[in-house]
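Visitor: the sequence and its predicted three-dimensional model are supplied below.
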Amino acid sequence: MLIPAIFTSPGPELFQLGPFVLRWYGLLIAVAVLIGLNLSSWLARQRGLDANLISDLLPILVLAAVIGARTYYVAFEWDSYQRSWWDAFAIWKGGIAIHGALLGGSLAVILFCRWRRVSFWNVLDVLVPSVVLGQAIGRWGNFFNSEAFGVPTDLPWKLFIPAANRPGVFKTAEFFHPTFLYESIWNIGLFVLLMVLFRLGRQNKISLPSGALSCIYLLSYSLGRIWIEGLRIDPLCLGGQPPFCDGGLRIAQLMSLSLMAIAGLGLFWLYGRKSPLPDPGLKKADPS
């Protein structure tokens with residue numbers, strides 16, 4: 001039997017003390033960063049990297065990811081910021097995109113690796129388990145903010161959305177698909193898979209060349225995101241308008257398909273051609 005589970009957000013704020021407000025989203029991001037630092041540092045030691053490399057990289061990575069996530073979102077929602085462009089900087093009001101974070105973070109890692117003369121793929125492989133675990137934790141911020149939910153549903157598991165947060169076409173609906181939960185569960189499963197593969201690779205039970213773990217992450221995350229994005233009613237659209245991008249395309253699905261193609265090519269390069277991936281973190285004169 002299915003056990004009914006109605007999710008209802010207690011609100012975006014954990015507590016307020018005078019002018020200071022602690023929001024659930026901020027707390028979750030801080031927890032994810034702290035866990036990620038310790039996990040990736042441990043994985044770096046397992047792979048023979050300097051663990052201090054991760055602590056040196058982390059502030060740059062977080063800043064680049066946040067800037068990338070916000071810039072990506074604002075670029076596709078620019079019409080919403082025409083009246084008050086200053087709101088483009090008001091990240092606390094919501095509006096970030098994981099694909100923008102991945103692009104901004106990847107660029108930061110490339111530049112950092114070139115500066116420190118270390119392999120981009122080795123560093124990325126010890127980061128992606130923390131990234132996907134952070135995504136699983138961070139998605140609960142959408143729950144507390146009553147945002148990024150799916151189409152109306154009457155399934156035993158469903159998410160109550162306050163009237164103020166419902167789009168006009170669904171004002172009479174109360175319950176929606178908890179897409180935050182779907183993606184969080186998907187990401188936890190992917191985290192477990194990556195950790196198992198990392199361990200098996202360390203034990204030489206499977207072949208796991210540099211970059212393979214990163215490609216598996218991109219391929220698997222994108223596969224789940226394509227399905228989950230199809231349920232959401234707040235997509236970034238290329239042509240067309242939410243909730244269904246009628247006459248247009250969903251940007252997240254297009255990006256996910258592109259990342260799947262890149263990851264598939266990378267895996268073919270590693271296992272089909274049996275060649276190492278080109279490393280953007282190493283200059284030609286650096287040892288590989």
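Guide: Received the coordinates, thanks. Numbers count the residues shown, from 1 in each chain.
Visitor: could I get the pLDDT score of the residue nearest to the spatial centre of the chain?
Guide: Centroid-nearest residue in the chain, with C-alpha atoms, centre = their mean: Ile98, separated by 4.2 Å. pLDDT recorded at Ile98 is 92.
Visitor: which ones are touching it?
Guide: Remark: with contacts taken as C-beta atoms under 8 Å, 6 or more residues apart in numbering, Ile98 is in contact with 69, 135. Glycine gets a C-beta too; all of them are placed from N, C-alpha and C.
Visitor: not counting residues beside it along the chain, what's closest to Ala5?
Guide: Leaving aside its sequence neighbours, Ala5 sits nearest to Trp157 (C-beta to C-beta, 6 or more residues apart in numbering; 4.5 Å).
Visitor: would you confirm that the one you found contacts Thr179?
Guide: No: Trp157 is beyond contact range of Thr179, at 11.5 Å (criterion: C-beta atoms under 8 Å).
Visitor: between those two, who's got more neighbours?
Guide: Of the pair Trp157 and Thr179, Thr179 is the one with more neighbours under other C-beta atoms under 10 Å, namely 24 against 16.
Visitor: distance of the more buried one relative to Gly272?
Guide: 35 Å (C-beta to C-beta, to the nearest Å).
Visitor: the residue nearest to the centre of the chain and Gly150, how far apart?
Guide: The value you get for Ile98 to Gly150, if C-beta to C-beta is used, is 16 Å.
Visitor: so the nearest residue to Lys283 once chain neighbours are set aside, which state does it fall into?
Guide: Computed as C-beta to C-beta, 6+ apart, the closest residue to Lys283 that is not its neighbour in sequence is Arg114, at 6.6 Å. Look at Arg114: counting by DSSP: H, G, I helix; E, B strand; the rest coil, its state is helix.
Visitor: likewise for the one 4 residues further on?
Guide: When the structure is reduced to helix, strand and coil (three-state DSSP), Val118 reads as coil.
Visitor: and for it, the neighbour number?
Guide: 19.
Visitor: again with the one 5 residues further on
Guide: If you count neighbours by other C-beta under 10 Å, Val123 ends up with 25.
Visitor: can you name the helix or strand that it falls in?
Guide: Secondary structure from DSSP states H and E places Val123 in helix 120-145.
Visitor: how about that helix: buried residues?
Guide: Residues of helix 120-145 classed as buried by neighbour count (16 or more other C-beta atoms under 10 Å): 120-145.
Visitor: one step back: mind checking pLDDT for the residue nearest to Ala5?
Guide: Reading off the model, Trp157 has pLDDT 92.
Visitor: for it, what are phi and psi?
Guide: Main-chain torsions, Trp157, degrees, to the nearest 10: phi -100, psi 130.
Visitor: show me the contacts for Leu249.
Guide: Contact partners of Leu249, counting by C-beta under 8 Å, 6+ apart, are 237-240.
Visitor: which residues of the chain fall in strands?
Guide: All strands of the chain, identified by DSSP state E, fall at 5-8, 13-17, 20-23, 157-160, 175-176, 237-238, 249-250.
Visitor: contacts for the fifth one, please.
Guide: Going back to what we said before, that points to strand 175-176. Strand 175-176 has contacts (C-beta under 8 Å, 6+ apart) with 6, 149-154, 158-161, 170, 233.
Visitor: do that again at 6 Å, thanks
Guide: For strand 175-176, contacts defined as C-beta atoms under 6 Å, 6 or more residues apart in numbering pick out 149-150, 152, 158-161.
Visitor: got it, and the second one?
Guide: For strand 13-17, contacts defined as C-beta under 6 Å, 6+ apart pick out 21-24.
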